[in-house]
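Chemist: model this:
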Amino acid sequence: MCLAIPSMITAINGPIATIDVDGVRREVSLMLLEDAEIGDYVIVHAGFAIQKLEEEAAQESLQLLREAMEQVDAARTNPKNK
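Modeler: Below you'll find the predicted structure:
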């Protein structure tokens, strides 16, 4: 299973972009996207940015993921309240 997490491009150096997700940064290839720019949100798979997203859709997805992680953390902290 692959979980696609929207990531924002913070820097571009040739075919390589630096992306950020909640302060976690990594480098990915832009070879599969023609028009990526700083500030764009992208979906990354296997080290390649494969698709651009509208900011609203990216923010909505990130919020849903945060809420899901809060529920997982709560279940781990207090397993009797499932």
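
Chemist: does Leu33 touch Val44 like I think?
Modeler: No - the criterion here is CB atoms under 8 Å, and Leu33 misses it with Val44 at 10.5 Å. All C-beta spots, glycine's among them, are computed from the backbone N, C-alpha and C.

Chemist: give the residues shared as contacts by these two.
Modeler: Here Leu33 and Val44 have Ile50 as joint contacts, going by CB atoms under 8 Å, 6 or more residues apart in numbering.

Chemist: ok, which stretches of this protein are helices?
Modeler: 55-77 (DSSP state H).

Chemist: in it, what spans have low per-residue confidence?
Modeler: The chain contains residues with pLDDT under 70 at 1-3, 81-82.

Chemist: could you pull out the strands for it?
Modeler: Secondary structure of the chain (DSSP state E): strands located at 7-13, 16-21, 24-29, 41-45, 48-53.

Chemist: kindly export the last one (C-alpha atoms) in CSV.
Modeler: This means strand 48-53. Listed next in CSV are the C-alpha coordinates belonging to strand 48-53 (Å, rounded to 0.1, in the frame of the first residue of the first chain):
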residue,chain,number,x,y,z
PHE,A,48,9.9,11.3,-7.8
ALA,A,49,7.3,14.1,-7.7
ILE,A,50,4.5,12.5,-9.9
GLN,A,51,1.6,14.9,-9.7
LYS,A,52,0.8,18.5,-8.7
LEU,A,53,-2.1,19.3,-6.4
